[in-house]
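Need a 3D model of the sequence below.
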Amino acid sequence: MVKLLSKRIGQLFLMIWSVGTLTFILTRSLPGDMAFRIAASRYGYDQTDSAAATLVRRELSLDQSWWQSYFNWFTDLIQLNLGKSLVSGETVWALIGHQFMHTLSLAVVALILGILIGPPLGLLAAQRPNGLFDRLTLVISTFLRSVPAFIIGIGLISLFAVNLKWLPAAGYGSWQHFLLPALTLALGLSAVSVRISRNAMVAVQQSEYYQFSYLKGLNQQQSFVRHGLRNVAIPIITYHSVQLIYLIEGVVIVESLFAWPGSGHALVHAVIARDVPMIQGTALIMGDLFIILNMLVDMLSSWIDPRINHHSEGAA
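Numbering: from 1, shown residues only. Predicted structure coming up:
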């Protein structure tokens with residue numbers, strides 16, 4: 001466990017440097033005048049001219065060379081100082097602290113819904129491989145996986161908000177606002193987890209140790225709880241750890257679609273406004289979240305199946 005933690009912490013520091021550097025390069029490479037974009041975000045495009053852009057450029061020292069700006073950013077990063085927003089003037093930590101909790105709550109609800117939808121359907125489909133229900137889940141999961149998240153979101157809005165009028169189409173404030181954006185993310189996650197769970201359960205059912213459990217007098221439910229649950233859980237957990245990047249990427253699109261006041265929505269506005277500190281800070285936090293969640297998944301997998309630690313030590 002100590003080796004796992006040290007490895008993940010090393011990845012975390014490497015990710016912070018690489019994501020921050022890449023974000024710095026990309027934002028500096030975008031076409032257009034950065035000072036004009038920032039001034040337009042502050043005062044509006046109708047009130048922005050070359051004089052306003054010049055004042056912003058001098059105020060924020062945007063006329064510095066790239067290596068001076070990069071050195072100043074890296075020095076602040078070492079001190080855990082993400083700077084201030086170039087548009088609002090508030091500290092990046094304060095803005096992210098407010099937005100990130102909305103993103104985290106949405107991601108957690110989506111992950112819970114994805115786990116409640118995908119694996120149970122996969123386990124049911126495994127009871128009769130190549131049966132009608134199995135083939136139906138294959139068609140549905142293939143369709144959902146091939147459709148972008150914003151198309152799924154628009155479909156859910158059209159059905160539940162526009163036609164049925166059961167749920168709000170966008171916004172934040174009550175538990176009803178969670179359902180459509182979380183379900184949009186959850187359907188994308190569960191599209192493949194259905195098949196992963198189905199294949200894992202079929203493999204376990206065909207194993208010798210699982211067949212032997214019936215010879216011991218255990219019924220189907222007892223065999224699953226004692227001999228199948230842990231073995232099926234490993235590939236399911238592994239899949240969700242890999243798909244966490246889909247969840248984090250999808251948050252950016254889904255939050256913009258549903259006007260959710262989270263980090264993904266703020267990141268889109270920061271890119272438009274060329275708010276470099278906000279872009280770097282938000283990207284770093286989302287990257288950190290991915291590393292931390294993967295570390296927790298690795299720890300959970302090691303607890304469920306201790307053989308993983310032995311295999312890792314043997315490979316080392």
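
Which residues does the helix or strand where residue 56 lies contact?
Of the helices and strands defined by DSSP states H and E, residue 56 is found in helix 50-59. When contacts are taken as CB atoms under 8 Å, 6 or more residues apart in numbering, the neighbours of helix 50-59 outside the stretch itself are 33, 35, 36, 38, 39, 42, 43, 62, 63. All C-beta atoms are positioned from the backbone trio N, CA, C, and that covers glycine.

Mind giving me the packing neighbours of the helix or strand that contains residue 288?
Of the helices and strands defined by DSSP H and E, residue 288 is found in helix 276-304. With contacts taken as 3 or more CB pairs under 8 Å, 6 or more residues apart in numbering; DSSP states H and E, helix 276-304 sits against helix 2-29, helix 92-126, helix 229-242, helix 244-257, helix 263-273, helix 307-315.

Let's have the ones you listed in TSV, adding mean pLDDT, mean neighbour count and distance to residue 204.
Below are these laid out as TSV (pLDDT from 0 to 100; neighbours: other CB atoms under 10 Å; distance: least, CB to CB, whole Å):
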stretch	mean pLDDT	mean neighbour count	distance to residue 204
helix 2-29	77	13	26
helix 92-126	87	19	9
helix 229-242	76	17	5
helix 244-257	77	21	24
helix 263-273	81	21	37
helix 307-315	51	11	15
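
Distance to residue 75 for the ones you listed - can I get that in CSV?
As requested, the helices and strands packed on helix 276-304 are exported to CSV (distance: least, CB to CB, whole Å):
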stretch, distance to residue 75
helix 2-29, 12
helix 92-126, 15
helix 229-242, 34
helix 244-257, 28
helix 263-273, 22
helix 307-315, 37
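
was I right about residue 196 contacting residue 241?
No. Using CB atoms under 8 Å, residue 196 is not in contact with residue 241, being 11.8 Å away.

about what we covered before: chain center to the helix holding residue 288: distance?
9 Å (CA atoms, centre = their mean, to the nearest Å).

Now that helix: buried residues?
Residues of helix 276-304 classed as buried by neighbour count (16 or more other CB atoms under 10 Å): 276-287, 289-291, 293-295, 297-298, 301-302.

mean confidence for it?
Over the span of helix 276-304, the pLDDT mean works out to 76.

Quick check: next helix or strand after the helix or strand harbouring residue 203?
According to DSSP H and E, residue 203 maps onto helix 175-205. Per DSSP H and E, the first helix or strand lying C-terminal to helix 175-205 is helix 208-215.

Counting neighbours, which bits of that following helix end up buried?
Within helix 208-215, the residues that qualify as buried are 210, 213, counting by 16+ other CB under 10 Å.

Can you give me the distance of the residue nearest to the spatial centre of the chain to residue 206?
Taking CA atoms, centre = their mean as the criterion, residue 248 is the residue nearest the geometric centre of the chain, at 1.6 Å. In this structure, residue 248 and residue 206 are separated by 35 Å, where distance is defined by CB to CB, to the nearest Å.
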